[in-house]
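**Student:** Below are the sequence and a predicted model; questions follow.
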2 protein chains.
Amino acid sequence: MDVPLTAAHEAADTPVISRPRNPTLKDVARLAGVSVATASKALNGRDNVHPETRQRVVDIANRISFTPNTLAQSLIAGQTGTVGLLTHDLEGRFSIPILMGAEDAFGSGKMSVFLCDARGDAIREQYHLQALLGRRVDGLIVVGSRTEPRPSLGALPVPVVYAYAPSDDPQDCSLVPDNVSAGRLAVEHLVATGRTRIAHIGGDPGYDAAVSRDEGIRAALHAAGLPLVGGDTLFGNWSEQWGRAAAQRLLDQEPGLDALICGSDQIARGALDTLHERGIAVPEQVAIASFDNWEILVTGARPQLTSIDMSFETLGRIAAERLTRAIEGQRTHGVELLPCRLTVRGSTVLGA
Amino acid sequence: MDVPLTAAHEAADTPVISRPRNPTLKDVARLAGVSVATASKALNGRDNVHPETRQRVVDIANRISFTPNTLAQSLIAGQTGTVGLLTHDLEGRFSIPILMGAEDAFGSGKMSVFLCDARGDAIREQYHLQALLGRRVDGLIVVGSRTEPRPSLGALPVPVVYAYAPSDDPQDCSLVPDNVSAGRLAVEHLVATGRTRIAHIGGDPGYDAAVSRDEGIRAALHAAGLPLVGGDTLFGNWSEQWGRAAAQRLLDQEPGLDALICGSDQIARGALDTLHERGIAVPEQVAIASFDNWEILVTGARPQLTSIDMSFETLGRIAAERLTRAIEGQRTHGVELLPCRLTVRGSTVLGA
DNA sequence: CTGAAAGCGCTTACAG
DNA sequence: CTGAAAGCGCTTACAG
């Protein structure tokens, strides 16, 4: 490091220097010798300002680093150019990509997105909601941590888009990844790569995501005229431990299986461990596909895992689009299901 | 799901309903039959308001769901009660816990923290900085993605605390996890649990974190009168792949080692794989300790990994404290090193 | 105890 | 082309 790593010390000897206040338009006007009205017009590119005057004002503004006080502008405009992203995602795994997608959709220079974390807690949600509303955000994106419906925030003075977890009020606008079609996607990929003896290790059956994925898997197998190997889906939880245990049971009962769909990447990591222990080659003997496409888990595996991405960035992008339209007065309502994306890697296709 | 999962449809038939504007203090005053001045005082608990008048105003305000426009209040107060958390953390792994710690320290009811993601990009950082400054945040916490010094944002109209990545200007206030002492911690734990043949698989040597951890490890081994097994630390990158490869090399060369310190949890996961493959019992024959304590990696491992937590929540909490003091005029400067926390699990202590 | 006035920092008709 | 005035929604001395 280039910086001396001294213990921090307070500048006790330094008197408290009153921080210089931000320069105001009045300061600019005074220094440029014009009225604040003219200064405002000059800075905002309005017509009917003499070029020389404008230049003078702009120069002064730059010289004193004038930054217009957005609060005052918002007060007048009745809009703040701000959107709140209220999330319940404790890990940031959903909210950061959703935030990115939303920012990209809003485009720079226009809308700013600010993230607040309510930590799955209704009290905190209410608190942040008030803070955001009091600061007059133009709209809200509410991100849940599960795909089951959550209580609607009700009628609010600004539009709301629910992402990942839909609102329980069909009048609200909700965006949810389509887990059923995600399940279908997994099967179709395995079938397309020649697998016929496919089993499913499910996640926590208390989650809609686990059940919906299973539903899609069964539907696609049925459509392909293939059985679900093992008969019933084994449900458990989302852990590697469960993946290991379930894979052991399955392999004991169904030695002929040639593909495993795992309810999450964590489960797939566990299952992979079991296959390695038994000396079963992946993907040559058994292929593995899973859901979530969680970078850290998927790329560290050997072989890397084929996984179905929930497309959080797209979710964020579309949420921003819906919100923009709603702010403009064009509301959308109902639950919109968003397609997921298959990401092929070595666990299903040799050398991929 | 209880909600009908229809494709979203636009309310094309519904006319664009102009959203009712937020009620203002003027509305409250009018309905209560008082002046806005009195309404303001009544609502803000000021003295010299007749109890009956106050009650009437409060009732009206509640009835029409009056929420004071914070923009106007902030304009007057010159403070917004808002802090910006400007992060470069692409995964949210640092920023979410830091955000939580900061929120906890600020306490509810006072300061709100809004997170913006600059994605490691100086242009975006500048953009968000302007957005935040324009909205007159009272202070900033800037979170980097690496522990090497980063360019200072320079003199800003509000105080800044740099977290995780320190500023290169010693006049700024920076908070960084103490990776040297983290390395020491790992060794001391292993020594305390009876290990004497300790090796280190380092992360990416281009990272200060990798080098500092190594430094602490060497210092502590030296202090304990023990050698670093393998002679030189093997540096590579942060991946599981590297952990597997390095562990293979180490075991070939140093069959007598009884403990492995891995530069990250990912590396540890890889090393663990190699130990399993060779039938080496963990922790009975070889113990493994690592850094980061990344939940998903650490608890999924078998056995679970002893790891050193960078204490992001504490980092956030202290950043908030420093920022609060700075906002009050008591600035702190220099780089402050924050202790990390050992979390013991089964990879070093049987049955832990 | 109550209210008219001034003002926070800005913008926008409206006169000149 | 320029500036005085009114106003966004609120608060705070200051008269009454």
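**Tutor:** On my side now, so go ahead.

**Student:** From the rest of the structure, what touches the one helix or strand A:Arg30 maps to?
**Tutor:** Assigned by DSSP states H and E, A:Arg30 falls within helix A:25-32. Outside helix A:25-32, the residues that touch it by Cβ atoms under 8 Å, 6 or more residues apart in numbering or on different chains are A:35-36, A:38-40, A:43, A:53, A:56-57, A:60-61, A:64, A:66, A:68. For the C-beta atoms, the positions are set from N, CA and C on the backbone; glycine is no exception.

**Student:** Redo the residues you listed as a markdown table? Include pLDDT.
**Tutor:** Formatted as a markdown table, the contacts of helix A:25-32 follow (pLDDT from 0 to 100):
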| residue | pLDDT |
| --- | --- |
| A:Ser35 | 92 |
| A:Val36 | 93 |
| A:Thr38 | 94 |
| A:Ala39 | 94 |
| A:Ser40 | 95 |
| A:Leu43 | 94 |
| A:Thr53 | 92 |
| A:Arg56 | 93 |
| A:Val57 | 93 |
| A:Ile60 | 93 |
| A:Ala61 | 93 |
| A:Ile64 | 90 |
| A:Phe66 | 91 |
| A:Pro68 | 93 |
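
**Student:** hmm, which of the residues you listed are the buried ones?
**Tutor:** Using 16 or more other Cβ atoms under 10 Å in any protein chain shown as the burial test, the contacts of helix A:25-32 include A:38-40, A:43, A:53, A:56-57, A:60-61, A:66, A:68 as buried.

**Student:** what's the burial count for A:Cys340?
**Tutor:** 27 (other Cβ atoms under 10 Å in any protein chain shown).

**Student:** what does chain A have sitting close to DNA strand D?
**Tutor:** A:34-38, A:41, A:47-51, A:53, A:72, A:75-76, A:78 (Cβ under 7 Å from any atom of the strand).

**Student:** Most neighbours of all those, which one?
**Tutor:** Among the residues of chain A next to DNA strand D, the one with the most neighbours (other Cβ under 10 Å) is A:Val34, at 21 neighbours.

**Student:** just to revisit the earlier point, do the helix holding A:Arg30 and DNA strand C meet?
**Tutor:** Yes. Using Cβ under 7 Å from any atom of the strand, we find that helix A:25-32 touches DNA strand C at A:25-26.

**Student:** How about stretch A:37-49?
**Tutor:** Yes. Using Cβ under 7 Å from any atom of the strand, stretch A:37-49 reaches DNA strand C at A:37, A:40-41, A:43-44, A:46.

**Student:** so of these, which ones are in helices?
**Tutor:** Those of the residues of stretch A:37-49 next to DNA strand C mapping onto helices are A:37, A:40-41, A:43, per DSSP state H.

**Student:** For the residue in the stretch 101-250 of chain A that DNA strand C sits nearest to, which non-adjacent residue is spatially closest?
**Tutor:** For the stretch 101-250 of chain A and DNA strand C, the shortest gap (Cβ to the nearest atom of the strand) falls at A:Arg136, measuring 13.1 Å. Nearest residue to A:Arg136 in three dimensions, chain neighbours excluded: A:Thr80, at 5.0 Å (Cβ to Cβ, 6 or more residues apart in numbering or on different chains).

**Student:** Report the secondary structure state of the one you found.
**Tutor:** coil (DSSP: H, G, I helix; E, B strand; the rest coil).

**Student:** Just the pLDDT at it, thanks.
**Tutor:** With respect to pLDDT, A:Thr80 scores 94.

**Student:** can you check A:Arg21 too?
**Tutor:** 74.

**Student:** Tally up the residues packed near the closest residue to A:Gly92 other than its chain neighbours, please.
**Tutor:** Counting by Cβ to Cβ, 6+ apart, the nearest residue to A:Gly92 once its immediate chain neighbours are dropped is B:Gly92, at 2.3 Å. Per other Cβ under 10 Å, the neighbour tally for B:Gly92 reads 24.

**Student:** Wait, A:Thr233 touches A:Gly202, no?
**Tutor:** Yes. The pair A:Thr233 and A:Gly202 passes the contact test of Cβ atoms under 8 Å, sitting 4.7 Å apart.

**Student:** neighbour-wise, which of these two wins?
**Tutor:** Taking other Cβ under 10 Å, A:Thr233 and A:Gly202 do not tie; A:Gly202 has more neighbours (26 against 21).

**Student:** Look up phi and psi at the more buried one.
**Tutor:** phi -80, psi 170 (degrees, to the nearest 10).

**Student:** show me what contacts it?
**Tutor:** Per Cβ under 8 Å, 6+ apart, neighbours of A:Gly202: A:210-211, A:213-214, A:233-236, A:263.

**Student:** Excluding chain neighbours, what is closest to it?
**Tutor:** A:Phe235 (4.0 Å).

**Student:** Please identify the helix or strand for A:Cys116.
**Tutor:** A:Cys116 belongs to strand A:112-117, assigned by DSSP H and E.

**Student:** how about the residues of the stretch 201-350 of chain A near chain B?
**Tutor:** A:208, A:239-241, A:244, A:266, A:269-270, A:273, A:276-277, A:294-297, A:299-302, A:329-337 (Cβ under 8 Å from any Cβ of the partner chain).

**Student:** between the contacts of helix A:25-32, which is closest to chain B?
**Tutor:** Nearest to chain B, judged by Cβ to the nearest Cβ, of those is A:Pro68 at 6.8 Å.

**Student:** buried stuff in stretch A:239-252?
**Tutor:** Going by 16+ other Cβ under 10 Å, stretch A:239-252 has these buried residues: A:239-248, A:250-251.

**Student:** could you give the mean pLDDT of it?
**Tutor:** Per-residue scores along stretch A:239-252 average to 97.

**Student:** for it, the distance to its chain's centre please.
**Tutor:** 30 Å (Cα atoms, centre = their mean, to the nearest Å).

**Student:** Look up how far A:Gly225 lies from the residue in chain A positioned nearest to chain B.
**Tutor:** At 2.3 Å from chain B, A:Gly92 is the closest residue in chain A, using Cβ to the nearest Cβ. Going from A:Gly92 to A:Gly225 by Cβ to Cβ, to the nearest Å gives 42 Å.

**Student:** what's the spatially most central residue of chain A in contact with, if anything?
**Tutor:** For chain A, A:Ile98 is the residue whose C-alpha lies nearest the centre (Cα atoms, centre = their mean; 2.4 Å). By Cβ under 8 Å, 6+ apart, A:Ile98 lies in contact with A:85, A:87, A:141, A:143, A:163-164, A:312-313, A:315-316, A:319.

**Student:** Over to A:Asn48?
**Tutor:** A:Lys41.

**Student:** what secondary structure does it sit in?
**Tutor:** Three-state assignment for A:Asn48 (three-state DSSP): coil.

**Student:** Could I get the pLDDT score of it?
**Tutor:** 85.

**Student:** Do you have the strands of the stretch 151-300 of chain A handy? List them.
**Tutor:** Using DSSP state E, counting those that start in this stretch, the strands of the stretch 151-300 of chain A run over A:160-163, A:173-177, A:198-201, A:228-234, A:259-262, A:287-292.

**Student:** how about the residues of chain A near DNA strand C?
**Tutor:** A:21, A:24-26, A:36-37, A:40-41, A:43-44, A:46, A:66, A:68-69, A:72-73, A:75-76.

**Student:** can we see that at 6 Å?
**Tutor:** A:24-26, A:36-37, A:40-41, A:44, A:68-69, A:72-73, A:75-76 (Cβ under 6 Å from any atom of the strand).

**Student:** If anything else comes up later, I'll come back, but that's it for now.
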